[in-house]
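Here is my input; please provide its structure:
(2 chains)
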Amino acid sequence: MRGVIYVLTTLAVIGLAFWAYHENYKTQLAIKQSETLQRQIGQARARLAVLRGEWAYLNRPDRLRELAELNYDRLGLLPLAPEQFGKVDQVPYPSQKALRLPVGQPVDVMATEDRP
Amino acid sequence: MIRTPLRPLARILDARRKGENPDAIERENMHRRHEEMRGRARVQAEGRLLILGATFLMVFVLVGGRMALIAGSEPSEPRASAAGASIRAQRADILDRRGRILATNMETYSLYAQPPQMIDPGHAADRLAAIFPDLEREALIEKFTGKRKFLWIKRKISPEQRQAVHDIGDPGLLFGPREMRLYPNGALASHVLGGARFGREGVHAAEVVGVAGVEKKLDSMMRDPARGGEPVRLSLDLTVQAAVERVLAGGMTLMNAKGASAVVMDVQTGELVSIASLPDFDPNDRPGVSGGADSPLFNRAVQGVYELGSTFKIFAVAQAMDLGLITPESMIDTKGPLKWGKFLIRDFHDYGAEMTTSEVIVKSSNIGAARIAQQIGVERQQAFLRDLGLLDPVPLEIIEAGGSQPLLPHRWSELSAMTISYGHGLSVSPLHLATAYSIIANGGRQVRPTLLPHQGGPGGKRVMSRETSAAARRMLRRVVTDGTASFGEVSGYAVGGKTGTADKPDPQGGYYEDKTITTFASMFPADKPQYVLVVMLDEPVETTGPEPRRTAGWTAVPVAAEIIRRIAPLLGVRPEIEPAPLADITLTSSN
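Residues are numbered from 1 along each chain as shown, chains lettered A, B, ... in the order given. Coordinates of the predicted model:
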């Protein structure tokens, strides 16, 4: 009886020792992975900061203005001016009646008709 | 436990037989029993003390050992902690009000040398001089072969330069990581941002400290690790700032001015949307301190205090209206010249014997303003100007704001009161003027100029009544519609404002004949102002006419009008549009 207990205890100790070593190595692996990740995050952040700086540098107003002037032929960009603002009621909407009717032919719609 | 009886029968009987006192036996036994009890208690107490002592010893050894361990070991990052240990820049970014970057950090390298480890100083010096044209070969060789054990070669180098130096392959040339401050927009808002430099430098890291502007004023905040690198957001708007600087630079060139500044302020909160001073500089490559008031480092909008001329007249008029001394229709005596002691006050033109208060502002009569100031008196004028913030330095979040102390007359006499009413004898910065005009524009409440959004707000002390402020605004509007600032009309935006032309004081005494400071302090839209714009030009000359013109109406006003035309749509101020002719008939089909 006692011998069986001794054998069982020894086996249990061996088993636990194996388990403990196993966990230890798993933990070390996890730490190593997390360190790698942290380093990658750090590098990504540094790269992000550089990219942000570069984005800001490429989008600096001076450069955009020069580009807009260089490409005036194609883009026709001008500074925003008060004349470019409009009111909603300046937009001629199609009248509600015309929308509801099942029309197949083109019809005349007075823009002034249903202006609010 | 078997106790020994105190009176053992055998011994008692024996003693009785011998005629001894049997009580002695009892005593003896009692004594023995007590001895025994004491011995036991003592052993117990000793045992407890021992355990206690051992415990204390263990704890002390533990604490001491841990201390020794901590003291003796290299510090290391907690590696296994689950929380994402974020790697942050040591200095917070600066953003504009919409989150665009004004200042950020870049990783770079510094280059240093350890001459004792160098193998071939001559070759290294040759190659270094080729990589960095500003280094001299002879000087480098001298340094490398001297007694020095360590020297900095370059504070900041680019990755390409680093590779090139790496390719030299000399073990005595070493790199240290650096974080440098980058201002991607160049000279834009340079006076606000200021600049940064390296503070204490080590091989592995260097402090980045602010040298001017917000960088210096908010230095501790930007470097505070507790903020976790959270960026500092300013109330400036990059687009508006760019437009203002662009137009201002153009205006400065056209008007042949040697300097210019502009301030755009939100009238309700005191937030500065744009503040510019020209000439400016690139904070990435900040020039050395030199030149005083003509240096590009000098911030004319904040540090520069000038006599701003007639722009002050509205303060005298507003105060007199607020006190009930005059109404906009009151007749003011403007017969000139006004003589006060030896001093003569003249107008630009002769405006006749009298005119209404409104016309004093619209035509800009010095005599009229002086008469009104006489009615107000010295004490009340001082108190009012102090309430407008014109007598103290501006509390702006840049380090230069401390240098904005207005120049007051030594003795504030009645004559001073009269001259100050039309803007002479009191020197303030354009930012002071913008703050005071914001108070008129927002209905009479004090505002605090600020660069940080959502700091200030309405609800400051009331300086003048709502009605006075409205009346003053109507007068300022009339200055533009039929007064001295007729070039200030911008279609869609009802601009109101006041011009100011002041001769520059000569350091030798008196005033220059041909050097002026011209100012236009304006607000838009005049009926319900949202923004105040102050434009100031230093020594402008407008030369398109037959003779040079130096008044504000010809110089500062057109520049200000163009600025408003450009920035008002950017600021989201709705223009008043006359309805365009509608498209007549549209042909549509439903399918």
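
Contacts made by stretch B:206-214 with the rest, please.
B:90-91, B:94, B:105, B:110, B:176, B:178-181, B:191-201, B:216-219, B:222, B:232, B:234, B:283, B:286, B:297, B:397-400, B:451 (CB atoms under 8 Å, 6 or more residues apart in numbering or on different chains). Bear in mind the C-beta positions are built from the backbone N, C-alpha and C, glycine included.

Any of those residues buried? List them.
Among the contacts of stretch B:206-214, those classed as buried by neighbour count (16 or more other CB atoms under 10 Å in any protein chain shown) are B:91, B:94, B:105, B:110, B:176, B:178-181, B:191-198, B:216-219, B:222, B:232, B:234, B:283, B:286, B:297, B:397-400, B:451.

which among these are in contact with chain A?
Contacts with chain A are made by residue B:105 out of those, judged by CB under 8 Å from any CB of the partner chain.

Residue B:397 reaches residue B:450, doesn't it?
Yes. With the criterion set as CB atoms under 8 Å, residue B:397 and residue B:450 qualify as a contacting pair; they are 6.6 Å apart.

so of the buried ones among the contacts of stretch B:206-214, which ones are in helices?
B:191, B:192, B:193, B:216, B:217, B:219, B:222 (DSSP state H).

could I get the residues you listed as JSON lines with pLDDT and distance to residue B:420?
As requested, these are exported to JSON lines (pLDDT from 0 to 100; distance: CB to CB, whole Å):
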{"residue": "B:191", "pLDDT": "91", "distance to residue B:420": "28"}
{"residue": "B:192", "pLDDT": "91", "distance to residue B:420": "30"}
{"residue": "B:193", "pLDDT": "91", "distance to residue B:420": "34"}
{"residue": "B:216", "pLDDT": "90", "distance to residue B:420": "33"}
{"residue": "B:217", "pLDDT": "90", "distance to residue B:420": "30"}
{"residue": "B:219", "pLDDT": "88", "distance to residue B:420": "37"}
{"residue": "B:222", "pLDDT": "86", "distance to residue B:420": "40"}
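
quick one, what contacts the residue nearest the centre of chain B?
The centroid of chain B falls nearest to residue B:397 when counting by CA atoms, centre = their mean (2.5 Å). Shown here is residue B:397, whose contacts under the criterion CB under 8 Å, 6+ apart are B:214, B:217, B:218, B:450, B:451, B:452.

Can you tell me which of those residues is nearest residue B:313?
Within the set of the contacts of residue B:397, residue B:450 lies nearest residue B:313; the separation is 27.3 Å, counting by CB to CB.

burial measure for the closest one, as a count.
Other residues lying near residue B:450 total 22 when counted by other CB atoms under 10 Å in any protein chain shown.

same deal with residue B:344?
Residue B:344 has 10 neighbours, counted by other CB under 10 Å.

now swap in the one 10 residues further on and tell me
For residue B:354, the number of neighbouring residues by other CB under 10 Å comes to 15.

Let me see the backbone angles for it.
Residue B:354 has phi and psi values of phi -150, psi 160 when expressed as degrees, to the nearest 10.

which non-adjacent residue is nearest it?
By the measure of CB to CB, 6 or more residues apart in numbering or on different chains, the closest residue to residue B:354 outside its immediate chain neighbours is residue B:331, 4.7 Å from it.

ok, which stretches of the stretch 351-500 of chain B are helices?
B:357-363, B:366-376, B:378-387, B:414-421, B:430-441, B:466-482 (DSSP state H, counting those that start in this stretch).

Can you get me the centre-to-centre distance for the second one and its chain?
A distance of 37 Å separates the C-alpha centroid of helix B:366-376 from that of its chain, computed with CA atoms, centre = their mean, to the nearest Å.

who touches that helix?
Outside helix B:366-376, the residues that touch it by CB under 8 Å, 6+ apart are B:310, B:312-313, B:316-317, B:319-320, B:323, B:325-326, B:332-338, B:340, B:345-348, B:351, B:355, B:357, B:359-360, B:381, B:384, B:414, B:417-422.

Please export the C-alpha coordinates of stretch B:163-174 as PDB.
What follows is stretch B:163-174 as a C-alpha-only set of coordinates in PDB (Å, rounded to 0.1, in the frame of the first residue of the first chain):
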ATOM      1  CA  GLN B 163      24.000  56.200 -44.400                       C
ATOM      2  CA  ALA B 164      26.800  58.200 -46.000                       C
ATOM      3  CA  VAL B 165      28.600  58.600 -42.700                       C
ATOM      4  CA  HIS B 166      28.000  55.000 -41.900                       C
ATOM      5  CA  ASP B 167      29.700  54.100 -45.200                       C
ATOM      6  CA  ILE B 168      32.900  55.900 -44.000                       C
ATOM      7  CA  GLY B 169      33.100  52.900 -41.600                       C
ATOM      8  CA  ASP B 170      35.200  54.700 -38.900                       C
ATOM      9  CA  PRO B 171      34.400  53.200 -35.500                       C
ATOM     10  CA  GLY B 172      35.000  56.600 -33.900                       C
ATOM     11  CA  LEU B 173      32.000  58.200 -35.600                       C
ATOM     12  CA  LEU B 174      28.800  57.400 -33.700                       C
END
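
which residues sit against it?
When contacts are defined by CB under 8 Å, 6+ apart, stretch B:163-174 is touched by residues B:111-121, B:123-124, B:127-128, B:131, B:144, B:153, B:157, B:175, B:203.

Got the phi and psi for residue B:268?
Residue B:268 adopts backbone torsions of phi -80, psi -40, taken as degrees, to the nearest 10.

pretty sure it is touching residue B:442, no?
Yes. Counting by CB under 8 Å, residue B:268 touches residue B:442, with 5.5 Å between them.

Comparing these two, which residue is more hemmed in?
Neighbours were counted for residue B:268 and for residue B:442 using other CB under 10 Å; residue B:442 has more, 24 against 19.

quick one: that one and residue B:265 touch, right?
No. Under the criterion of CB under 8 Å, residue B:442 makes no contact with residue B:265, lying 10.1 Å away.

Are any of the contacts of helix B:366-376 buried, and if so which?
Of the members of these, the ones counted as buried by neighbours, 16+ other CB under 10 Å, are B:310, B:312-313, B:316-317, B:319-320, B:326, B:332, B:334, B:336, B:338, B:345, B:347, B:351, B:355, B:357, B:359-360, B:381, B:384, B:417-422.
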